[in-house]
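Student: Next come a sequence and a model predicted from it.
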Number of protein chains: 2
Amino acid sequence: MTGDGAPRKERNGRIREDDFVLALRRIIGDGTPEVLVGAGDDCAVVRVGERVLILTVDMLVEGVHFDASRVAPRDLGYKAIAVNVSDVAAMAGSPRFGLIALGLPPTVDAPWAVELYGGMREAAGEYALSLVGGDTSRADRVAISVSVVGEVAPAGAVLRSGAQPGDRIVVTGALGASAGGLRLAAEEPQTIGHALGAAWAHDLIEAHDRPVARVGEGQALARYGATAMIDVSDGLALDLSRLCRESDVGAAVDLERVPVAPGLGELHRLLGTEPLGLALGGGEDYELLATIPAEQAAPAAEFLAERFGTPLTDIGHIRAERGMVAVEADGSERPLEPLGWDHLAADAG
Amino acid sequence: MTGDGAPRKERNGRIREDDFVLALRRIIGDGTPEVLVGAGDDCAVVRVGERVLILTVDMLVEGVHFDASRVAPRDLGYKAIAVNVSDVAAMAGSPRFGLIALGLPPTVDAPWAVELYGGMREAAGEYALSLVGGDTSRADRVAISVSVVGEVAPAGAVLRSGAQPGDRIVVTGALGASAGGLRLAAEEPQTIGHALGAAWAHDLIEAHDRPVARVGEGQALARYGATAMIDVSDGLALDLSRLCRESDVGAAVDLERVPVAPGLGELHRLLGTEPLGLALGGGEDYELLATIPAEQAAPAAEFLAERFGTPLTDIGHIRAERGMVAVEADGSERPLEPLGWDHLAADAG
């Protein structure tokens, strides 16, 4: 984004997360031959003997990534694991081992912490991840750092950087549900009391609280020849722009094909939130966004539907020309801005 | 410590870190055959194909583990890496890959963050650790989580649990310097202005700001048959009690043999702090505390002195009877309390 590698400040004086990460990659950059992919992708890829490991870490901070007064500790623990597993899924890897570092305020009581770990264990069980250790220390606010070691077939990791002009852009599941759930949960219960009992509202909030990591789907997409992959953590538009930047290509997204999550129509009627806006920029969907040779898109979609019950939607194509465009139903194009959920700049959700 | 596995609260209502970790081990406990050692030792030990990996994670929180107004960001970055490498050293492993998760307040400016990473890179270079990735997010206070993946020869990891009655207890380097440096740095400069220019004072503060991880020494101790090992992060007495608990043994420590760091005499004259108290309970020394068959103690000490210039001091022996005793110069014994630096309960340093 910046040409000189120095983090560029936003108008409010904060450093944008992507610029910051780019600057750090120059500092950290590592030429060791065992490091196949260093900082900058969803995970690092390293070689250990005959095996190829993928390594990822994430930090969730109270008041930034979650509201401890709203979220149940069990859901929080579950999500902390799932979002890291999602990073492994986005490389077409299998999660293997997890490490947890926890900062807890003195006000946290034992049942809360036990519930938190219970949720972590629940997610770890679902994804066959062995939780092998951790560190607990005091903090002012709850901070949860999860590291995951995964494994991938040699040369099997799908990076962000392999997209080719002509590839189709595909995405698993539906988008915007998590952001819709967050939006809904932020409302005062008395104003939307009747809606909270509805299945669509429950599903939106569930999507935010308990995201699903698409591990099997990621590996299947790799087998169908996916050329690049990323998980949608910060919104389709922003994450697609990252994939395009790493691949040095552009993208055209057919807006009418973007899979908008069920329930966003009801949410729109209730709160006026634009479904497509949430789907394009909402973030925390943890669906997989991949590019795939055109002839593989349909067979891959058929396989994912049959094997996992997961829709795979073709939403556009990769172009040689850089930059992203949104294509309207009538074929007209307009620039698609890479706006999304920027954790470094975002206010507490 | 507790019999029923429930975290026991201290009188002030906080959960003691050790009890908490014990309770979590029951929750997290993992029976996967690839997990050779799970939560509870310095690191986890896992098998990946033919290789044996050691995994560790740590979290440093502003106001708990460091005072951002005092410590230089470069030193902070250096220490964040070194203390995790020390955990790998305490298993007789080699550090290989590092992952960093960083929570930064909006007030942090780019030069500060770049210095922080510069210090991390400096330490990573010293310990041949490849920094392969990370995550940056917003936080109220600086939080730094470092995960390290290390490697160890199959069956070569030295755990906390192998100490045998009759083994000698040995410790590398000298103890108490870090706590002395922290104590000194907490004084108002005007009250100790003359001392701050002295080499001994500089050395104490340096010991706190830039601890040395004993990687080569740990591997050498393993070759000399060390039966158990831990790094002294929370004070000799507390860390020895952990080693004894895991090994189901007791210990006798010859107080006059405990290697008190140079400079603590001067500190005592200046501030009245008891040198032996700092050496026994100060914490953050990151020296290695090991048990070793009696006949190997002297040869190991000779090798460490020659190869690394690191003293190895024989400070006592392991006994079958549980509990720890301090042995005075006249041979009299008194109980040695496992008091130390308990991060969960400690106030900000």
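Tutor: Thanks, I have it. Numbering: from 1, shown residues only, chains lettered A, B, ... in the order given.
Student: Grab the most central residue of chain A for me.
Tutor: The residue at the geometric middle of chain A, judged as the C-alpha nearest the mean C-alpha position with C-alpha atoms, centre = their mean, is A:Ser233 (2.4 Å).
Student: I'd assumed that residue was in a strand, is it?
Tutor: No - counting by DSSP: H, G, I helix; E, B strand; the rest coil, A:Ser233 is not part of a strand but coil.
Student: give the contact list for it.
Tutor: When contacts are counted by C-beta atoms under 8 Å, 6 or more residues apart in numbering or on different chains, A:Ser233 is found next to A:83, A:86, A:239, A:283-286, A:341. In this view, the C-beta of every residue, glycine as well, is placed from N, C-alpha and C.
Student: Might you list the low-confidence residue ranges for the stretch 51-200 of chain A?
Tutor: Screening the stretch 51-200 of chain A residue by residue with the criterion pLDDT under 70, one finds the ranges A:155.
Student: Okay, A:Gly250 and A:Val170: tell me how far apart.
Tutor: Using C-beta to C-beta, to the nearest Å, one gets 17 Å for the distance from A:Gly250 to A:Val170.
Student: Of the two, give the one with the bigger neighbour count.
Tutor: When neighbours are counted by other C-beta atoms under 10 Å in any protein chain shown, A:Val170 comes out ahead of the other of A:Gly250 and A:Val170, with 26 against 20.
Student: Hmm, A:Ala298 and that one touching each other?
Tutor: No - in this structure A:Val170 lies outside contact range of A:Ala298 using C-beta atoms under 8 Å: 9.9 Å.
Student: so what sits against both of these two?
Tutor: Counting by C-beta under 8 Å, 6+ apart, the shared contacts of A:Val170 and A:Ala298 are A:Asp314.
Student: How about residues contacting stretch A:259-268?
Tutor: Judged by C-beta under 8 Å, 6+ apart, the contacts made with stretch A:259-268 from elsewhere in the structure are A:171, A:173-177, A:180, A:183-184, A:195, A:198, A:200-201, A:203-204, A:207, A:273-276, A:278-279, A:311, A:313, A:315.
Student: Give me the buried entries from these.
Tutor: With burial judged by 16 or more other C-beta atoms under 10 Å in any protein chain shown, the buried subset of the contacts of stretch A:259-268 is A:171, A:173-177, A:180, A:183-184, A:195, A:200-201, A:204, A:207, A:273, A:275-276, A:278-279, A:313, A:315.
Student: so which of those are also by chain B?
Tutor: When the buried ones among the contacts of stretch A:259-268 are filtered against chain B using C-beta under 8 Å from any C-beta of the partner chain, no residues are retained.
Student: These in strands, which ones?
Tutor: A:171, A:313, A:315 (DSSP state E).
Student: which SSE is A:Ser137 in?
Tutor: Of the helices and strands defined by DSSP states H and E, A:Ser137 is found in strand A:130-138.
Student: Adjacent strands (with direction) for that strand?
Tutor: The pairing partners recorded for strand A:130-138 under DSSP bridges are strand A:94-104 (parallel).
Student: Report the angle between the helix or strand just after the strand it pairs with and strand A:94-104.
Tutor: Scanning the chain past strand A:94-104 towards its C-terminal end, the next helix or strand to appear is helix A:110-126 (assignment: DSSP H and E). Per axes from the mean of the first three to the mean of the last three C-alpha atoms, to 10 degrees, the angle that helix A:110-126 makes with strand A:94-104 is 170 degrees.
Student: Just checking helix A:110-126 against chain B, any contact.
Tutor: Yes - with C-beta under 8 Å from any C-beta as the criterion, chain B is reached by helix A:110-126 at A:110, A:113-114, A:117-118, A:120-121.
Student: Not counting its neighbours along the chain, what's nearest A:Ala68?
Tutor: Counting by C-beta to C-beta, 6 or more residues apart in numbering or on different chains, the nearest residue to A:Ala68 once its immediate chain neighbours are dropped is A:Glu62, at 4.9 Å.
Student: partner residues bridging that neighbour?
Tutor: Applying DSSP bridges to A:Glu62 yields these beta-bridge partners: A:Phe66.
Student: Pull the number of nearby residues for the nearest residue to A:Gly173 once chain neighbours are set aside.
Tutor: Taking C-beta to C-beta, 6+ apart as the measure, A:Gly173 lies nearest to A:Glu287, with 4.4 Å between them; neighbours along the chain are not counted. Counted with other C-beta under 10 Å, the neighbours of A:Glu287 add up to 31.
Student: If we go by neighbour counts, what in stretch A:308-327 is buried?
Tutor: For stretch A:308-327, the buried set under the neighbour-count rule, 16+ other C-beta under 10 Å, comprises A:308, A:310, A:312-319, A:324-327.
Student: ah, wrong one, I meant stretch A:238-248
Tutor: Applying a neighbour-count criterion of 16+ other C-beta under 10 Å, one finds A:238-247 buried in stretch A:238-248.
Student: Okay, and which of those residues map to helices?
Tutor: Secondary structure of the buried residues of stretch A:238-248 is defined by DSSP state H; positions in helices are A:238-247.
Student: Any chance of the residues you listed in TSV with distance to A:Ser69 and pLDDT as columns?
Tutor: Compiled in TSV, those are given as follows (distance: C-beta to C-beta, whole Å; pLDDT from 0 to 100):
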residue	distance to A:Ser69	pLDDT
A:Leu238	28	95
A:Asp239	29	95
A:Leu240	34	97
A:Ser241	33	96
A:Arg242	32	94
A:Leu243	35	96
A:Cys244	38	97
A:Arg245	37	95
A:Glu246	38	94
A:Ser247	41	96
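Student: Pick out whichever of those residues sits closest to B:Phe97.
Tutor: Closest to B:Phe97 out of those is A:Glu246 (21.0 Å), distances taken as C-beta to C-beta.
Student: Which residues are in contact with the closest residue to A:Arg319 other than its chain neighbours?
Tutor: Leaving aside its sequence neighbours, A:Arg319 sits nearest to A:Gly250 (C-beta to C-beta, 6+ apart; 4.5 Å). Residues touching A:Gly250, when contacts are defined by C-beta under 8 Å, 6+ apart, comprise A:244, A:318-325.
Student: Same check on A:Leu271?
Tutor: By C-beta under 8 Å, 6+ apart, the residues touching A:Leu271 are A:183-184, A:187, A:192.
Student: cutoff 10 Å now
Tutor: Taking C-beta atoms under 10 Å, 6 or more residues apart in numbering or on different chains as the criterion, A:Leu271 is in contact with A:180, A:183-184, A:186-187, A:191-192, A:195.
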